[in-house]
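*Asks:* Coordinates only, no sequence provided:
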């Protein structure tokens with residue numbers, strides 16, 4: 001029966017209706033958390049191996065492209081979570097918790113990834129040599145979705161204001177963009193979180 005459901009969209013919808021809404025919400029959160037963790041693990045692996053001998057042949061453009069791909073996938077996951085929050089009333093606190101954990105993980109990844117230039121490699125004018133996941137998602141977000149992380153922060157606050165306390169330290173960094181810092185302070189003030 002599961003094979004039938006996996007290979008046919010209408011069958012999957014039929015089978016999925018039999019699962020209680022609370023269970024579906026929990027399964028969604030677990031899957032979302034796993035997918036976020038997959039992306040963070042992939043980014044960490046790339047960031048930690050960037051200066052190893054076999055990775056030294058990577059150009060700065062290639063490294064920036066890999067970071068942009070990871071950021072794009074994480075942005076998509078955040079957008080999926082926001083969509084879920086808009087349409088599902090059950091399990092919103094769990095989804096908000098997963099979102100805030102993802103934002104915290106993004107903030108942790110602010111260490112710059114800088115590929116080692118091979119001896120004699122010219123520095124390409126205007127080429128960004130140092131970037132982090134934090135840069136790609138918060139400090140200089142993509143033009144197509146410039147505020148998706150900020151929207152996630154706001155939605156998480158709307159659902160459970162108390163969850164913001166965990167992010168307090170992360171958003172007090174001096175290099176946080178002013179739009180994030182100001183919005184975070186407003187949300188904390190509304191929630192009664194002392195900064």
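*Replies:* Everything's here; your move. Small disclaimer: the values here were computed from a predicted structure and weren't measured. Residues are numbered from 1 along each chain as shown.

*Asks:* As a check, name the ranges of all helices in this structure.
*Replies:* Secondary structure of the chain by DSSP state H: the helices cover 2-7, 9-17, 21-49, 60-87, 92-108, 133-134, 148-159, 178-191.

*Asks:* got the buried residues for the last one?
*Replies:* Right, the one you point to is helix 178-191. Residues of helix 178-191 classed as buried: 180, 183-184, 187-188 (neighbour count, 16 or more other Cβ atoms under 10 Å). To be clear about C-beta, it is placed using only N, CA and C from the backbone, and glycine gets the same treatment.

*Asks:* Next, format those residues as CSV and append distance to residue 106 and pLDDT.
*Replies:* Shown next, in CSV, are the buried residues of helix 178-191 (distance: Cβ to Cβ, whole Å; pLDDT from 0 to 100):
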residue, distance to residue 106, pLDDT
180, 11, 68
183, 15, 73
184, 14, 70
187, 17, 73
188, 18, 71
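
*Asks:* In the protein, what helix or strand scores lowest on average pLDDT?
*Replies:* Counting by mean pLDDT, DSSP states H and E, the chain has its least confident helix or strand at helix 2-7, which shows a mean of 64.

*Asks:* In contact with the residue nearest the centre of the chain, which residues?
*Replies:* In the chain, the centroid-proximal residue (Cα atoms, centre = their mean) is residue 74; its distance is 4.1 Å. When contacts are counted by Cβ atoms under 8 Å, 6 or more residues apart in numbering, residue 74 touches 36, 39-40, 102, 106, 133, 137.

*Asks:* and what of residue 95?
*Replies:* Residues near residue 95 by Cβ under 8 Å, 6+ apart: 25, 28-29, 32, 81, 84-85, 88, 159.

*Asks:* again, only using 6 Å
*Replies:* Applying Cβ atoms under 6 Å, 6 or more residues apart in numbering to residue 95 gives the contacts 29, 81, 84-85.

*Asks:* Return the members of the residues you listed classed as buried.
*Replies:* Taking 16+ other Cβ under 10 Å as the criterion, what is buried in the contacts of residue 95 is 29, 81, 84-85.
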